[in-house]
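In: Pasting the sequence and the predicted coordinates here, then a few questions.
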Protein chains: 2
Amino acid sequence: MSDKSSGIGIFDSGVGGLTVLQSIKKRLPKETLIYFGDTARVPYGTKSTETVTKFARQDIHFLMSQGVKMIVAACNTASALALDTLKKEIDIPIIGVIEPGAKGAVAASLNKKIGVIGTEATINSDAYSLAIRRIDKYISVVSHACPLFVPMAEEGWGEHRIAKIAAEEYLSVMKGKVDTIVLGCTHYPLLKKTISKVVGKGVTLVDSAEETAKEVERCLAELNLLSDGTGASIFYVSDNPNRFKLVGDNFLGNGSIGRVDKIDIDTF
Amino acid sequence: MSDKSSGIGIFDSGVGGLTVLQSIKKRLPKETLIYFGDTARVPYGTKSTETVTKFARQDIHFLMSQGVKMIVAACNTASALALDTLKKEIDIPIIGVIEPGAKGAVAASLNKKIGVIGTEATINSDAYSLAIRRIDKYISVVSHACPLFVPMAEEGWGEHRIAKIAAEEYLSVMKGKVDTIVLGCTHYPLLKKTISKVVGKGVTLVDSAEETAKEVERCLAELNLLSDGTGASIFYVSDNPNRFKLVGDNFLGNGSIGRVDKIDIDTF
């Protein structure tokens, strides 16, 4: 039985969701955050709905075994492909990153033209366009998959000249047309400066992480489940804890990630 | 019981091993080739020895369930991390790509300075250096991981200016020093022209695929298991058969891949 003092379970295919963890931690420092990165099967962004749903289901079952009071799908691909199915299967609240990101983009856009970038699977699912149009059907959406952004962020090349050339290539389809771009992948905040240079200062970049943290707070407050504890972050992965710590520290700033434990996700 | 007419089982984490399949097909057109790409869990190159061994074991069990007479680990990471362990577990011949690639590089090098490029896991394992030094201990080896080459090859950007900049970055450590470079990842032949431009025509690029095909022929001949059939290629994946066909056709030339079937690799 979960109560106020129970943790918030956060999962992602790998390190990307740490940007969401960081936003939640900043907004809700008293919460215990239990993070799971599925590093044995990362990435999700090139995989099918069936496979991503199966993986996300196991991720959620693991987090629920830790007695969490809420699940955050801190992965755009899992949120886009699997959330509707998995919501029906569990009895605690589950929040994805798509709806908050869409809401943030609609609030930011003045010309009602929004760009969305993400993994192949997220873009092909059309989840952002659908979520944006559910809020305002008069908004037009231009979407484009940027498969190289994730490995570039993981390589620590988010501000490298290679990232700039890739961004020019990928974003040419929306440059000069949209006034807002949704960073529809949790890795993309690491390329924020590069993307901003390419599309210009006039374009607002919406980071789902911050919007998701707001939604987590709103939902917990509504259910009277906000913690008054001391806060802690606990990390689990399905493979390579050392690599997770190394790449993760690059995400959060050195030394932010303490101990990382490995679990066998196939058994969940 | 396997005989001459049985197939050759080939596995890789994804589409990369198709370069090996192609070389075997060219050299041994009468063989039936059964290919498995573990697209649900691709890539292997960032994962641990324990996880890659577990995945490769399942890949092999699936291929053996198809009655193959030989296994080819057409994946450098699996060959580097898991082959020694898995060789002891099965009773049919298994050939990896490391030993043939090392042999080819030693034969090609005149100045006894060889470069090796591959995934993080392959380079960290030091498998190529060890294999090269087992043949000739006076050879010096410079290794470097090139994590962005795989996603670039999959994106169809093997000859894009981005690939050239990445190659300049990654290969600066060996440029002007080595006379031979081993392409220690089955994806890298798609960047062959780019790599050659960066390191210069004087450097021989050794493609493990061709060397591995020679080794397959030698081994089958020795065991009197060469087929005199009509030859066929059969494709299986663990996820997304359509994407495999699309990216795979980019590897082999359009239309080379016919039907692709999906299997549940977790059950093997």
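Out: Thanks, I have the structure now.
In: can you pull the contacts of the nearest residue to residue A:131 once chain neighbours are set aside?
Out: Closest residue to residue A:131 apart from its sequence neighbours, by CB to CB, 6 or more residues apart in numbering or on different chains: residue A:102 at 3.6 Å. All C-beta atoms are positioned from the backbone trio N, CA, C, and that covers glycine. By CB atoms under 8 Å, 6 or more residues apart in numbering or on different chains, residue A:102 lies in contact with A:128, A:131-132, A:134-135, A:182.
In: For chain B, state which of those residues is nearest.
Out: Chain B lies nearest to residue A:128 out of the contacts of residue A:102, by CB to the nearest CB, at 20.5 Å.
In: for the helix or strand hosting that closest one, which positions count as buried?
Out: Assigned by DSSP states H and E, residue A:128 belongs to helix A:127-135. Within helix A:127-135, the residues that count as buried by 16 or more other CB atoms under 10 Å in any protein chain shown are A:127-129, A:131-133.
In: Quick one: residues in contact with it.
Out: The contact list for helix A:127-135, computed with CB under 8 Å, 6+ apart, reads A:79-81, A:98-99, A:101-103, A:105-106, A:114, A:116, A:118, A:122, A:139, A:141, A:143, A:182, A:184.
In: Kindly recompute the last result at 10 Å.
Out: A:76-77, A:79-81, A:83-84, A:96-103, A:105-107, A:109, A:112, A:114-118, A:121-123, A:126, A:139-143, A:180, A:182, A:184, A:208 (CB atoms under 10 Å, 6 or more residues apart in numbering or on different chains).
In: mind checking how far it is from the chain centre?
Out: 17 Å (CA atoms, centre = their mean, to the nearest Å).
In: what's the nearest residue to residue A:99 if we skip its chain neighbours?
Out: Nearest non-adjacent residue to residue A:99, counting by CB to CB, 6+ apart: residue A:131, 5.6 Å away.
In: That neighbour and residue A:106: what is the separation?
Out: 9 Å (CB to CB, to the nearest Å).
In: Which neighbours do these two have in common?
Out: Contacts common to residue A:131 and residue A:106, judged by CB under 10 Å, 6+ apart, are residue A:182.
In: Now do the host helix or strand of residue A:85 and helix A:127-135, the angle between them.
Out: According to DSSP H and E, residue A:85 maps onto helix A:76-87. Counting by axes from the mean of the first three to the mean of the last three CA atoms, to 10 degrees, helix A:76-87 lies at 60 degrees to helix A:127-135.
In: so the residue nearest to residue A:131 is in which element?
Out: Residue A:102 belongs to helix A:98-108 when assigned by DSSP H and E.
In: May I see the buried residues of that helix?
Out: A:98-106, A:108.
In: And for stretch A:222-237?
Out: The neighbour-count check on stretch A:222-237 (16+ other CB under 10 Å) flags A:225-227, A:233-237 as buried.
In: which one of the residues you listed is nearest residue A:30?
Out: The shortest approach to residue A:30 among the buried residues of stretch A:222-237 belongs to residue A:227, at 4.9 Å (CB to CB).
In: Quick one: residues contacting the closest one.
Out: Residues in contact with residue A:227, defined by CB under 10 Å, 6+ apart, are A:3-8, A:28-32, A:69, A:220.
In: Who wins on neighbours among those?
Out: residue A:31 (28 neighbours; other CB atoms under 10 Å in any protein chain shown).
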